[in-house]
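Asker: generate a structure from the sequence data that follows.
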Amino acid sequence: MAAPGSGPAGRLVQYVVLRGDLQREPLSWPLGAVVAQACHAALAAVHAHYGHADTGAYLAEAGRMRTVVLQALDEGALTTLAETLQQHNIDHKVWIEQPENITTCIALRPYPKEEVHQHLKKFKLLK
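Answerer: Coordinates of the predicted model:
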């Protein structure tokens, strides 16, 4: 039996969706702060789902891990995505930066692309 996520059709990917407005006025966050949000969310999602077979297989890929970083227009778009993921029982972590209490990012646990892509296809790659 093949390992979870093995083979070209089941290639595992971790999707991270950041608010695109964090770097624009009036927020104007520096690039490093935005990257940190993605890192926090990705690590939190992996930690929360560490025991899942797909997470283990993804981590075992070491230097071949695939992560896709997308951007949501703003907090509202991120909130809507979180609701959609919740409705479809897709494991994810919403990152809320503290102490500011600002929702900044969502990271999914590693999934085969075909299982989750339909919920993320409206988001563009982060620029």
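
Asker: could you list the low-confidence segments of the chain?
Answerer: Within the chain, the stretches with pLDDT under 70 are 1-10.

Asker: and the contacts of the lengthiest helix in it?
Answerer: Criterion DSSP state H: the longest helix present in the chain is helix 31-48. Helix 31-48 is contacted by residues 14, 16, 18, 22-23, 55, 58-59, 67, 69, 91-95, 97, 104-110 when judged by CB atoms under 8 Å, 6 or more residues apart in numbering. Where you see a C-beta, it was placed from the backbone N, CA and C, and this is true even at glycine.

Asker: any of these buried? List them.
Answerer: Buried subset of the contacts of helix 31-48 (neighbour count, 16 or more other CB atoms under 10 Å): 14, 16, 18, 22-23, 55, 58, 69, 91-95, 97, 104-110.

Asker: where along this protein do the helices fall?
Answerer: Under DSSP H, the chain gives helices at 31-48, 53-60, 75-87, 113-120.

Asker: columns distance to L126 on top of these, output as a markdown table?
Answerer: Converted to a markdown table, the helices of the chain look like this (distance: least, CB to CB, whole Å):
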| stretch | distance to L126 |
| --- | --- |
| helix 31-48 | 8 |
| helix 53-60 | 20 |
| helix 75-87 | 13 |
| helix 113-120 | 12 |
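
Asker: before we move on, back to that, got the angle for the longest helix of the chain vs helix 53-60?
Answerer: 130 degrees (axes from the mean of the first three to the mean of the last three CA atoms, to 10 degrees).

Asker: now for C105: which residues touch it?
Answerer: 16-19, 37-38, 40-41, 78, 94-95.

Asker: try it again at 7 Å.
Answerer: 16-19, 37-38, 41, 95 (CB atoms under 7 Å, 6 or more residues apart in numbering).
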